[in-house]
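A.B. asks: Predicted model follows, preceded by the sequence.
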Amino acid sequence: MISKRSFFTISVVMLIVLVLFQFTQFAKYEGNNYTFNELEKLKMPVNHEWQQEKCNLTAGNKFSFKDSDYILFIGDENTAVGSIVSQWTLYSKRNICICDSISQFDLSGNAAPEFLIVDSNFTDLVAELDFYRSMIDKGVSIVFCTLPGLEVIKSNDEVREFLGITHIEQDEVTVEGYKLFSGFLLGGETVYQPKKASEERRQDMDLTIPWYVTGGGTKTYMVGLLDDYFGDYDNKNEFFPAVIWRKSYGSGQVFCIAGDYMSTTSGLGLLSAMINELSEYQVYPIVNAQNTLLVDFPILANENEEEFKKIYSRDIAAFQSDVIWPMLVSLAEKYDLKYTAFVSPKYDYSDPALPDADMYNQYLMYFNERDTEAGISLEHAPGISLVDKLAYDEEFFDSLEEKYTSTSAFLNMEDYESLNEAIQMPCVEKVRTVACAEDVMIPILSYIDDDITLQSLTSDTENLTYTKDLRLKSIETALGFDNAKMIFSEVFNPKSEEDEWQIVYVNMSSALTTYWAPFRVFDRTTLAESDQRVRVFLNLDYDFSRKNDEIKIKVDGRDDNTCYFMLRTHGEEIDEMKGGTYEKIEDNAYILTIDSDEVKLHLVDTNTFK
């Protein structure tokens with residue numbers, strides 16, 4: 001039996017615990033200034049984007065380069081390949097000369113280019129082979145983004161020899177998958193071949209290719225895999241169908257790409273990797289930003305309620321707060337993710353359900369506690385225009401007692417042409433950066449106007465295929481950037497079991513564990529934080545030089561902002577850095593964080609440690 005004294009003591013303790021708990025909750029809510037967007041205070045650099053010098057001979061421009069600080073592209077910049085080449089030269093701060101025929105290019109009295117990039121659809125390699133040989137003799141390396149037709153290669157010994165092909169084993173062969181060798185793109189050696197049934201859904205690469213066999217003086221970066229021919233991938237690689245390789249000459253290199261990889265954003269990383277293969281080291285600017293975008297989360301209206309309850313046994317509001325958000329928090333803690341959530345007042349505007357102001361405030365509080373940025377989703381179901389959608393949303397936002405300013409938005413690619421009109425509307429007038437689906441003809445990173453930047457999607461966490469993984473590695477190699485999406489409108493309106501949350505969550509966890517693991521060294525950012533870095537990246541110019549073991553980097557246009565570079569070497573490590581800090585990504589690759597206009601790096605050969 002409890003004595004009166006013990007009962008009194010227990011009661012006092014329980015009262016103290018209750019008061020402390022209530023005070024903690026009170027302090028938590030009172031101290032959560034969730035209606036103010038702290039990211040709005042971020043200092044954004046003024047738009048003075050680095051100006052590329054472009055000479056388009058096809059358009060009638062006169063050749064204007066006095067030295068070799070330009071890339072020569074033979075092709076059309078209005079094609080997918082041309083768009084990728086143009087983007088890469090812009091991001092790597094290189095000037096470009098474009099012609100769709102070598103007859104337009106006259107090198108007489110002019111400096112040869114640093115690099116020659118060729119779309120084989122715009123050249124007759126048999127008739128023009130002497131031109132390409134002359135470029136090699138001048139020390140100009142060449143990239144064939146596409147190869148000539150199979151019959152051209154088969155029928156001409158000189159073309160095959162120039163490209164480094166000894167023979168064609170078969171016109172067509174069906175490979176089991178592909179092997180990407182280490183040291184080329186970031187992310188290490190990768191085999192794109194399913195090893196179990198659950199991985200078969202990731203195989204979306206074209207498995208029917210010509211069987212090119214390369215010979216002496218070549219180095220292969222990617223091959224097709226043939227289990228029926230060889231059981232050991234590590235031996236006899238030269239006999240596998242070559243996909244990406246180079247032929248070495250004394251004065252230059254010829255790179256060959258068999259496939260359409262250069263017509264996608266994978267081409268950005270391939271060009272960066274090839275440039276790296278040409279010299280003992282490479283230094284170039286990167287963004288250093290990894291964004292995870294929650295598109296249409298939360299949806300503030302209980303749409304499609306009856307059907308939704310059949311699938312998930314509760315309405316959207318309860319499912320989002322009780323199931324999805326706690327699981328997203330768990331993912332963020334496990335993989336060190338930083339979210340930007342694009343809130344959708346409604347998705348289906350034909351549904352009578354109204355957006356809930358209390359739900360909006362609740363999620364703003366959640367986001368503030370988790371360093372999650374709250375943006376605005378411009379997505380919508382068919383049947384309404386973007387401008388009409390925003391007019392409806394404006395009524396909701398205008399009705400709120402306390403106003404929150406979103407500086408980031410997510411746009412459906414179908415509405416891209418309406419963007420300029422849409423951003424004049426009050427609920428998005430403070431938006432400074434827009435994320436949208438990737439379109440190879442639209443730069444991944446760019447200024448939409450003087451005030452707003454575009455950051456295209458580069459990957460998705462819920463459906464990462466082998467093609468998308470190659471693209472992820474390529475963009476990380478070229479830009480140190482990833483804009484990964486999770487689109488919840490598909491979860492809330494599933495067309496199949498694959499779209500349902502429990503499957504999507506398992507796929508996300510699997511992808512984060514494997515495919516994103518090599519890139520965790522890059523900074524996790526919200527879209528607004530990434531926006532700041534993108535502006536610095538687009539604005540800056542740089543120069544670098546080397547004397548003995550010391551590299552000097554001079555940076556212009558950073559306006560006292562921190563900027564980021566990548567250093568890639570071949571068997572050297574950083575021993576000391578002045579003007580910034582560095583972090584190792586993998587062997588022979590480093591992130592440089594630069595806070596000064598002049599930086600010095602001292603390198604040592606890794607063999608000195610052995």
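C.D. replies: Everything's here; your move. Quick caveat, the model's predicted, so the values are computed rather than measured.

A.B. asks: just the strands in the stretch 451-600 of the chain please.
C.D. replies: Counting by DSSP state E, counting those that start in this stretch, the stretch 451-600 of the chain has strands at residues 453-456, 459-460, 481-487, 541-547, 550-556, 563-569, 572-578, 580-586, 589-594, 598-605.

A.B. asks: TSV for these, including mean neighbour count and distance to residue 114?
C.D. replies: Yep, even glycine has a C-beta here, placed from its N, CA and C like the rest. Shown next, in TSV, are the strands of the stretch 451-600 of the chain (neighbours: other CB atoms under 10 Å; distance: least, CB to CB, whole Å):
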stretch	mean neighbour count	distance to residue 114
strand 453-456	22	27
strand 459-460	21	30
strand 481-487	23	24
strand 541-547	13	14
strand 550-556	17	18
strand 563-569	24	17
strand 572-578	16	22
strand 580-586	16	25
strand 589-594	20	22
strand 598-605	17	22
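
A.B. asks: Worst mean pLDDT among those strands?
C.D. replies: Mean pLDDT per stretch puts strand 459-460 lowest among the strands of the stretch 451-600 of the chain, at a mean of 87.

A.B. asks: Mind pulling the model confidence for the nearest residue to residue 99 once chain neighbours are set aside?
C.D. replies: Spatial nearest neighbour of residue 99, chain neighbours left out: residue 57 (4.0 Å); criterion: CB to CB, 6 or more residues apart in numbering. We note a pLDDT of 92 for residue 57 in this prediction.

A.B. asks: Count the neighbours of residue 57 for me.
C.D. replies: A count of nearby residues for residue 57, using other CB atoms under 10 Å, gives 19.

A.B. asks: swap in residue 250?
C.D. replies: By other CB under 10 Å, 7 other residues sit near residue 250.

A.B. asks: so residue 487 bridges to which residues?
C.D. replies: Counting by DSSP bridges, residue 487 is bridged to residue 295.

A.B. asks: in terms of contact, does it touch residue 299 like I think?
C.D. replies: No: the pair residue 487 / residue 299 is not scored as a contact, 11.5 Å apart, by CB atoms under 8 Å.

A.B. asks: and residue 318, which of the strands of the stretch 451-600 of the chain is closest to it?
C.D. replies: Counting by CB to CB, residue 318 lies closest to strand 481-487 out of these; the figure is 19.5 Å.

A.B. asks: helices or strands next to that closest one in the packing?
C.D. replies: Packing partners of strand 481-487 (3 or more CB pairs under 8 Å, 6 or more residues apart in numbering; DSSP states H and E): strand 289-299, strand 459-460, helix 466-479, helix 527-539.

A.B. asks: If we use 10 Å, what do you get?
C.D. replies: Contact partners of strand 481-487 among helices and strands, from 3 or more CB pairs under 10 Å, 6 or more residues apart in numbering; DSSP states H and E: strand 289-299, strand 339-344, strand 433-436, strand 453-456, strand 459-460, helix 466-479, helix 501-514, helix 527-539.

A.B. asks: Can you tell me the strand partners of the third one and which way each runs?
C.D. replies: This means strand 433-436. Here, using DSSP bridges, strand 433-436 pairs with strand 408-411 (parallel), strand 453-456 (parallel).

A.B. asks: before we move on, the earlier item: and for residue 487 and residue 299, which residues touch both?
C.D. replies: 377, 379 (CB atoms under 10 Å, 6 or more residues apart in numbering).

A.B. asks: Now do the contacts for residue 468.
C.D. replies: When contacts are counted by CB under 10 Å, 6+ apart, residue 468 touches 202, 204, 264, 266, 458, 459, 460, 511, 515.

A.B. asks: Name the nearest of these relative to residue 149.
C.D. replies: The nearest one, if we look at those relative to residue 149 and count by CB to CB, is residue 264, at 21.0 Å.

A.B. asks: hang on, isn't the closest one packed against residue 145?
C.D. replies: No: counting by CB atoms under 10 Å, residue 264 stays clear of residue 145, with 11.2 Å between them.
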